[in-house]
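Trainee: Prediction below, plus the sequence it came from.
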Amino acid sequence: MGEVVAIYTAPGAEARMTPVEEVRAVPGLGLEGDRYFERTGTYADKWGPHREATLIEVEAIEAVKQEDGVDFDAADSRRNIVTRGVALNHLVDREFTVGDVRFRGIRLCEPCTHMERVSGKPARKSLIHRGGLRAQILTEGTVRVGDVVAG
């Protein structure tokens with residue numbers, strides 16, 4: 001089991017990720033207040049369950065700083081839910097919960113050049129195979145900082 005240590009949303013494509021204490025998760029739509037919920041994200045034209053929510057391990061973010069000396073933070077990753085103590089790669093093709101909300105891991109959220117361009121930080125290479133998880137929301141509810149993540 002792990003926990004949620006931060007939550008981020010962005011109001012539009014390339015907008016700065018904003019930390020929030022909680023967010024409403026809606027199946028088929030995403031996280032309320034986020035660019036993909038509003039269909040204003042950079043890749044909104046390629047909508048699907050894999051755009052509903054993204055997660056990343058804070059341990060991966062810390063590794064970028066330690067291994068490469070890049071001043072990289074969770075907002076720079078452009079992921080929505082930041083976790084600690086859970087191996088997100090193991091949740092591909094599995095159902096899991098964040099608080100009382102059920103999700104299904106779709107695929108790894110490999111880092112891309114878009115993330116580097118928007119953040120202005122060279123972290124893509126460091127995040128290969130640890131860039132997070134794309135997830136589908138299965139039940140409606142509220143995700144909060146401090147919630148337990150259980151697979």
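Mentor: That came in fine, so what should we check first?

Trainee: Could you report the neighbour count for the residue nearest to residue 97 when sequence neighbours are not counted?
Mentor: Ranked by CB to CB, 6 or more residues apart in numbering and with sequence neighbours excluded, the top spatial neighbour of residue 97 is residue 150, at 5.2 Å. Every residue, glycine included, has its C-beta placed from N, CA and C. The number of residues packed near residue 150 is 12, by other CB atoms under 10 Å.

Trainee: same thing with residue 107?
Mentor: 11.

Trainee: now swap in residue 86 and tell me
Mentor: Residue 86 has 22 neighbouring residues, counting by other CB under 10 Å.

Trainee: so what's residue 50 up against?
Mentor: Listed by CB atoms under 8 Å, 6 or more residues apart in numbering, the contact partners of residue 50 are 106-107, 134-136.

Trainee: Just the C-alpha atoms of the worst-scoring helix or strand of the chain on mean pLDDT, please, in PDB.
Mentor: Using mean pLDDT, DSSP states H and E, the weakest-scoring helix or strand in the chain turns out to be helix 113-119, at a mean of 73. Extracted C-alpha coordinates of helix 113-119, given in PDB (Å, rounded to 0.1, in the frame of the first residue of the first chain):
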ATOM      1  CA  THR A 113       9.500  15.500 -25.400                       C
ATOM      2  CA  HIS A 114       6.300  17.600 -24.800                       C
ATOM      3  CA  MET A 115       6.900  17.200 -21.000                       C
ATOM      4  CA  GLU A 116      10.500  18.400 -21.400                       C
ATOM      5  CA  ARG A 117       9.500  21.300 -23.600                       C
ATOM      6  CA  VAL A 118       6.700  22.600 -21.300                       C
ATOM      7  CA  SER A 119       8.700  22.100 -18.100                       C
END
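
Trainee: roughly how far out does it sit from the chain middle?
Mentor: Here helix 113-119 shows a centroid-to-chain-centroid distance of 15 Å under the convention CA atoms, centre = their mean, to the nearest Å.

Trainee: after it comes which helix or strand?
Mentor: helix 124-127 (DSSP states H and E).

Trainee: mind listing what's buried in that following helix?
Mentor: Along helix 124-127, the positions that meet the burial threshold by neighbour count (16 or more other CB atoms under 10 Å) are 124, 126-127.

Trainee: could I get the residues you listed as JSON lines with distance to residue 82?
Mentor: As requested, the buried residues of helix 124-127 are arranged in JSON lines below (distance: CB to CB, whole Å):
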{"residue": "124", "distance to residue 82": "18"}
{"residue": "126", "distance to residue 82": "16"}
{"residue": "127", "distance to residue 82": "13"}
